[in-house]
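> show me how the following folds:
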Amino acid sequence: MTRPRTRVDAHVKVLDDEVVARAKARGIDALVYAPHFTRLPTVRERAARYSDDELTVVPGREVFTGDWGNRRHLLVIGLSEPVPDYITFEGAMAEFERQDAAVLVPHPGFATISLTRPEVDAHAERIDAVETYNTKLLPHQNARARRTAEATDCAGFGSSYAHLPATVGEAWTAFEDDLDEAEAIVDAFRERRPRKVIHRGGAGHRIRGLIEFAHLGYENTWAKLDRMFLSGNEPTLPSNVAYEGRFDDVSVYD
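Prediction:
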C-alpha cells in the first residue's frame, strides 16, 4: 500500500489555467501562490478560483521588509489580515506572530534581497522553514541554502519559484501526510512536519532554471520601483488607504 504524500510546489508567482494544468500533469497536489505587489484579498480570490479536488492553491505573500536597496523577503502563509511591503523586518515579524502565520525564508543568501545565514540564525526560532532548493537559482546557490538550513537547524522546503508557467512543478516539498486543504498545508509548515525536498533533473530542468534566472533582470529593475512610487498608491505600500494607517509607525518610507 502506497503511503499518503502531498507534493507542494511551495512558491509560484503565476496562476492561470495553463499553470493549473501543468501542475496536475506533474503530480503536484498544491501550489503556494504568492505574486509580488498583490494584496492578500486578491491573492485569496484567485487561489480559491483555481483550487479544486485535484489541486489546492494556498494564498501567500512574499513580503518585502526594509527599503528597496536593503530589502529582505519573507514568504508568509496563513495570514488572516493583509500585511504591506516596505515595513521594518521587526514590524513584519511581530505582525506575523500576532496572526500565527507560517514564516518561510525564500532563496536565503541570494543577492541583497534575502536573509543571510547570520540573520537566519538570529531568528531561527521565529522561522518555520528555509528554502533549500529553488529552480531559479544556480547549483552553488542552492548548496549554500542547504548549508544555511543545516547550520541553523531549520526545516527545509523546495519550490519552482515559477515566474513563468513552464517552470511550475520543477521542484516541490513532499510531506508524509495527505493534506487536502490550504489550512492543513499551513499547519504542516508551521508544525515543521517531516518532508522531503525533491526536484526534477536532466537538461530540461536546468534549461528551465536558466530561463527563469535570466528572467530575474526585470524583477529587480529600478524601473519597477519608479513606477511603484510614481503612482503613490501601490496596493502593497503601507501608505495605501486599505491599511488604514495601521503600519505607519513601521513604514520605511514617508
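
> residue ranges of the helices in the chain, please?
Using DSSP state H, the helices of the chain run over residues 17-25, 40-50, 89-99, 117-122, 139-152, 182-190, 202-219, 222-231.

> touching, L138 and F213? I think so.
Yes - look at L138 against F213 with CB atoms under 8 Å: they come within range, at 6.9 Å. Yep, even glycine has a C-beta here, placed from its N, CA and C like the rest.

> make CSV out of the helices of the chain and add mean pLDDT.
Shown next, in CSV, are the helices of the chain (pLDDT from 0 to 100):
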stretch, mean pLDDT
helix 17-25, 98
helix 40-50, 98
helix 89-99, 98
helix 117-122, 97
helix 139-152, 97
helix 182-190, 98
helix 202-219, 87
helix 222-231, 52
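
> of the ones you listed, which approaches T56 most closely?
helix 182-190 (5.7 Å; CB to CB).

> what about V76, distance to R61?
Distance from V76 to R61, counting by CB to CB, to the nearest Å: 5 Å.

> any common contacting residues for these two?
Shared contacts of V76 and R61, defined by CB atoms under 8 Å, 6 or more residues apart in numbering, are found at V83.

> quick one on the thing from earlier: need the helices of the chain in a markdown table with distance to T56, can you?
A markdown table is the format used below for these (distance: least, CB to CB, whole Å):
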| stretch | distance to T56 |
| --- | --- |
| helix 17-25 | 10 |
| helix 40-50 | 9 |
| helix 89-99 | 20 |
| helix 117-122 | 28 |
| helix 139-152 | 25 |
| helix 182-190 | 6 |
| helix 202-219 | 23 |
| helix 222-231 | 30 |
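
> pLDDT of the strand ranked longest in the chain, averaged?
Longest strand in the chain by number of residues, with DSSP state E as the criterion: strand 56-65. When pLDDT is averaged over strand 56-65, the result is 97.

> apart from its neighbours in sequence, what residue is nearest Y133?
Of all residues beyond its chain neighbours, the one nearest Y133 is G158 (3.9 Å), with distances taken as CB to CB, 6 or more residues apart in numbering.

> count of neighbours near that neighbour?
Using other CB atoms under 10 Å, G158 has 27 neighbouring residues.

> what of R246?
14.

> how close does it get to R98?
Taken as CB to CB, the span from R246 to R98 is 11 Å.

> quick one on the thing from earlier: mind putting the helices of the chain in CSV, distance to H163 and mean neighbour count included?
Output for the helices of the chain, formatted as CSV (distance: least, CB to CB, whole Å; neighbours: other CB atoms under 10 Å):
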stretch, distance to H163, mean neighbour count
helix 17-25, 11, 17
helix 40-50, 15, 16
helix 89-99, 23, 17
helix 117-122, 24, 16
helix 139-152, 16, 17
helix 182-190, 21, 20
helix 202-219, 6, 13
helix 222-231, 13, 11
